[in-house]
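Visitor: Pasting the sequence and the predicted model now:
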Amino acid sequence: MKKRKLAGILLSLSLSAGVMAGCGAASTGGSGGKETIKVGANLELSGGVASYGQSIAEGLQLGLDELNKKGIDGKKIKLVKVDNKSEAAEATSGSLKLVSQDKVAAVIGAATSTNTLAQVQIAQGNKVPLITPTGTNPEITNKGGKVNDYVFRTCFIDPFQGTVAANFATDKLKTKKAAVFIDSASDYSKGLASAFKSAYKKNGGSIVAEEAYVAKDTDFRATLTRLKAAKPDFIFLPGYYEEVGLIIKQAREIGIEAPFMGGDGWDSPKLVEIAGPKALNNTYITNHYSSGDPDKKIQDFVSAYKKKYKGKSPDAFSALGYDTAYYLADAIKRSGDASPEKIAKALAKTKDLSLVSGKLTLDKNHDPIKSASILEYKDGKQEFNTKINP
Amino acid sequence: MELIQQLVNGISLGSIYALIALGYTMVYGIVKLINFAHGDVFMVGSFVGFYSITVLHLPFLVSLILSMAACAVFGVLIERIAYKPLRNATRIAALITAIGVSLLIEYGFIYVRGAQPEAYPGDVLPEHAIQIFGAKINSQSLLILGVSVALMIILQFIVHKTKIGKAMRAVSFDAEAARLMGINVDRTISATFAIGSALAGAAGVVFGVYYIKIEPLMGVIPGLKAFVAAVLGGIGIIPGAMVGGLLLGVIESLVSAFGYSLWRDGAAFIVLILILIFLPSGLFGKYKREKV
């Protein structure tokens, strides 16, 4: 009896707390003239690609801390974080919560294209801007020739990465026969691969083998043995680090010596742990930025990041998370009243904004035009190879 | 040449399936229960091995034994807490409980430590590549095979030459009669769970060393595949699980070898369906007419 009473009290307490929290959200959301602006972050904080989400969250936090020190026209940004567990369904419900319950002015996320695509409808339907720091699939901002007015990104898009990789493979590595090995369930992987294939063929090379795998596979030896028989001198592997690490390790074990190349999906310290530093020699990635780039703006960011996160070196995800904070802040400043619609309009007009990952100008599809870096793995460390401008 | 390489790939993969399948088959043989939590015991074993290698800095063999011991205890706990109270309930109740336990372990584990993957350190075992008939065989694949075969021989010894093995065979044949003969049925069932789970733990460590990446949901697919392997060999029959595991591994590798890598998981379950239609008692099973 007593127990039930206690439970009743607890239940009513928690219910009223919920109601009050709702009131709080309502009073800060909506109209202008408030002190704080709520911004949602819908990121992969756990699950398969947790390392992307964590890196973005760290960069984002660093950027917002710096911005809040000065304030944006006297206002501060408050971040509301949601973990989408690296799953598209969770990303959708997380975004819905941010937009309808927390009434945020903008949503940042997610790290991967698939999880970002899962949120596009909510951003469009509720007229709240969505900015993905690292979702590189073209369809995020432009579906079937129609631009999504409320969706933006801080990074360049897949075709660009695939084209850069193809040019690098033919011009610098002098290869003629490429193989493509893709993740059959990932929009990102397919996007990079198709851009790579068309650019590589245009450069006079031929695609000698095409294979696919499914995310979460652990044994690729059988398919790799098949790839080896096609004797490619270059293998394009646009996947995410979990599988890529295993694929490269197993490929070297069965004696594939050809260079591998991929996109920003490889960029994680876990990749080196999984594949081992030796297997990763003679592999390249296209990326948004390199912490080894001597540019002053980049080095300032690297040292600020290292100071905040105990000597940890920022990867491209952190850099883009950081840039997203400044990108959004710039638009909020120009929007006037920080309402979601005005922020979206301001974001669309961004021009020559100087960021860590290069100078950002938006084209008419809401896709940034900016430079790409090519990095090479040497004994487990990423080394800056070249920078390629659009 | 390529075919030999593919066979080697398949046998390495198959011996892991076989180790897991043994646990399924032993438990089924004795309590007629498909223990769906078995794949998660495999996952727990893999993590125990990971932590004892990285945190306690133990060598491979000690980690393997530690993980097997931890899994044996874990398996007995699962049996005592979840299955023993349902010993006389309907088979479907026990089956549903097994699925529940499986989900509880998976998501409980994620709740405690998060879902991010871990990577086994690459230098647990020395790596050499051996060339045989143009196929490149990794010393680690040989080790997997070695550990699996050794454990299977030990298992055969336990089942056929020891007292507890005799008790297990007796209980599996007729639990009531065994009880009348003075065999402690509860303890025998616990021993079966302990041995089966220890094998799953060993498979977990071997899997980690060979495939490097481990994560909380890693047991789901290997668990299901091992179940297929157990059915393929004839569920309840120990040599059947070994053969079924190896055969399934080779089938999967060959499917990929012919360029249908995306159909690989599908192939395993097509095998299950074919076996259930044409040979319901498995390759090694005897056809028994059920009395009505």
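Guide: Structure's in. What do you need? Worth saying up front: this structure is predicted, and the values here are computed from it rather than measured.

Visitor: so which residue of the stretch 101-250 of chain A comes closest to chain B?
Guide: Chain B sits closest to A:A222 of the stretch 101-250 of chain A, with a gap of 3.3 Å, by C-beta to the nearest C-beta. C-beta: built from backbone N, CA, C; applies to glycine.

Visitor: of all the residues in chain B, which ones are close to chain A?
Guide: Within chain B, the residues that sit near chain A (C-beta under 8 Å from any C-beta of the partner chain) are B:2, B:5-6, B:9-10, B:12-13, B:110, B:114-117, B:119, B:121-122, B:127, B:129, B:136, B:138, B:207, B:211-213, B:215, B:218, B:221, B:252-257, B:259, B:261-262, B:264-265.

Visitor: Identify those among those residues that sit within helices.
Guide: Counting by DSSP state H, the residues of chain B next to chain A place B:2, B:5-6, B:9-10, B:12-13, B:110, B:207, B:211, B:221, B:252-257, B:264-265 in helices.

Visitor: ok, of the residues you listed, which come out buried?
Guide: Buried members of these, scored by 16 or more other C-beta atoms under 10 Å in any protein chain shown, are B:5-6, B:9-10, B:12-13, B:110, B:207, B:211, B:252-257, B:264-265.

Visitor: Show me the domain layout of chain A.
Guide: If you go by automatic domain parsing, the domain ranges for chain A are A:32-156+A:298-371, A:158-287.

Visitor: can you put those in TSV and add distance to B:A94?
Guide: Listed next are the domains of chain A as TSV, based on distance: least, C-beta to C-beta, whole Å:
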stretch	distance to B:A94
domain A:32-156+A:298-371	31
domain A:158-287	29
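
Visitor: which one of these lies closest to B:P59?
Guide: domain A:158-287 (19.1 Å; C-beta to C-beta).

Visitor: End to end on the closest one, go ahead and measure it.
Guide: Start to finish, the residues bounding domain A:158-287 are 11 Å apart (C-alpha to C-alpha, to the nearest Å).

Visitor: ditto for stretch A:217-234
Guide: By C-alpha to C-alpha, the extent of stretch A:217-234 from end to end equals 23 Å.

Visitor: Hmm, B:E127 and B:I137 touching each other?
Guide: No: contact criterion C-beta atoms under 8 Å: B:I137 and B:E127 do not qualify, at 11.4 Å.

Visitor: The two: who's more crowded?
Guide: B:I137 (21 against 14; other C-beta atoms under 10 Å in any protein chain shown).

Visitor: counting contacts, what elements does the helix or strand where B:G201 lies pack onto?
Guide: Element membership for B:G201 (DSSP states H and E) is helix B:185-211. Under the contact definition 3 or more C-beta pairs under 8 Å, 6 or more residues apart in numbering or on different chains; DSSP states H and E, helix B:185-211 sits against helix B:2-31, helix B:38-54, helix B:60-78, helix B:139-161, helix B:163-173, helix B:175-180, strand B:213-214.

Visitor: Reformat these as TSV; add distance to A:K197.
Guide: Below are the helices and strands packed on helix B:185-211 laid out as TSV (distance: least, C-beta to C-beta, whole Å):
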stretch	distance to A:K197
helix B:2-31	25
helix B:38-54	38
helix B:60-78	43
helix B:139-161	33
helix B:163-173	57
helix B:175-180	62
strand B:213-214	28
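
Visitor: Show me the strands in the stretch 201-350 of chain A, by range?
Guide: A:206-213, A:234-236, A:260-262, A:283-287 (DSSP state E, counting those that start in this stretch).

Visitor: Show me what counts as buried in the longest one.
Guide: For strand A:206-213, a neighbour-count test (16+ other C-beta under 10 Å) marks A:207-213 as buried.

Visitor: of those residues, list those near chain B.
Guide: The subset of the buried residues of strand A:206-213 within reach of chain B, by C-beta under 8 Å from any C-beta, is A:211-213.

Visitor: re earlier: what sits closest to the residue of the stretch 101-250 of chain A closest to chain B if chain neighbours are left out?
Guide: Spatial nearest neighbour of A:A222, chain neighbours left out: B:S256 (3.3 Å); criterion: C-beta to C-beta, 6 or more residues apart in numbering or on different chains.

Visitor: Now stretch B:37-47: average pLDDT?
Guide: Mean pLDDT, stretch B:37-47: 95.

Visitor: Give me the contact list for that stretch.
Guide: Contact partners of stretch B:37-47, identified using C-beta atoms under 8 Å, 6 or more residues apart in numbering or on different chains, comprise B:20, B:23-24, B:27, B:67-68, B:70-71, B:74-75, B:78, B:82, B:98, B:101-102, B:105-106, B:109, B:118, B:196-197, B:200-205, B:207-208, B:214, B:216-220, B:222-224, B:226.

Visitor: Equivalent analysis for stretch B:95-109, please.
Guide: In this structure, residues lying in contact with stretch B:95-109 by C-beta under 8 Å, 6+ apart are B:33-37, B:39-41, B:43-44, B:47, B:78, B:82-83, B:86, B:216-217, B:219-220, B:223.

Visitor: Apply the buried test to the residues you listed and list what passes.
Guide: B:33-37, B:39-41, B:43-44, B:47, B:78, B:82-83, B:86, B:216-217, B:219-220, B:223.

Visitor: Let me know the pLDDT of residue 143.
Guide: I'll assume chain A. Reading off the confidence values, A:K143 has pLDDT 82.

Visitor: ah, I was thinking of chain B
Guide: At B:L143, the predicted lDDT confidence score is 81.

Visitor: next one: B:E127
Guide: On the pLDDT scale, B:E127 is placed at 72.

Visitor: Using PDB, write out the CA atom coordinates for stretch A:84-96.
Guide: Extracted in PDB, the C-alpha atoms of stretch A:84-96 (Å, rounded to 0.1, in the frame of the first residue of the first chain):
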ATOM      1  CA  ASN A  84      20.400   9.100 -33.100                       C
ATOM      2  CA  LYS A  85      22.400   5.900 -32.300                       C
ATOM      3  CA  SER A  86      23.700   5.800 -35.900                       C
ATOM      4  CA  GLU A  87      20.200   4.700 -37.100                       C
ATOM      5  CA  ALA A  88      18.000   6.400 -39.600                       C
ATOM      6  CA  ALA A  89      14.800   5.800 -37.700                       C
ATOM      7  CA  GLU A  90      16.200   7.300 -34.500                       C
ATOM      8  CA  ALA A  91      17.400  10.300 -36.500                       C
ATOM      9  CA  THR A  92      13.900  10.900 -37.800                       C
ATOM     10  CA  SER A  93      12.300  10.700 -34.300                       C
ATOM     11  CA  GLY A  94      15.200  12.700 -32.800                       C
ATOM     12  CA  SER A  95      14.600  15.500 -35.200                       C
ATOM     13  CA  LEU A  96      10.900  15.500 -34.600                       C
END
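
Visitor: what residues does that stretch touch?
Guide: Residues outside stretch A:84-96 that contact it (C-beta under 8 Å, 6+ apart): A:40, A:42-50, A:53, A:82-83, A:107, A:109-110, A:112, A:114-119, A:121-123, A:130, B:115.

Visitor: Kindly report the same for stretch A:45-57.
Guide: With contact meaning C-beta under 8 Å, 6+ apart, stretch A:45-57 is reached by A:41, A:43-44, A:81, A:83-87, A:109-112, A:133-134, A:215-216, A:240-242, A:268-270, A:314-315, A:317-318, A:320-321, A:324, B:110, B:114-117, B:215.

Visitor: Tell me the buried residues within those.
Guide: Taking 16+ other C-beta under 10 Å as the criterion, what is buried in these is A:41, A:43-44, A:81, A:83-87, A:109-112, A:133-134, A:215-216, A:240-242, A:268, A:270, A:314-315, A:317-318, A:320-321, A:324, B:110, B:114-117, B:215.

Visitor: I'd like to know how many residues surround the residue nearest to B:V159 when sequence neighbours are not counted.
Guide: Spatial nearest neighbour of B:V159, excluding adjacent residues (C-beta to C-beta, 6+ apart): B:G165 at 4.1 Å. Neighbours of B:G165 under the rule other C-beta under 10 Å: 18.
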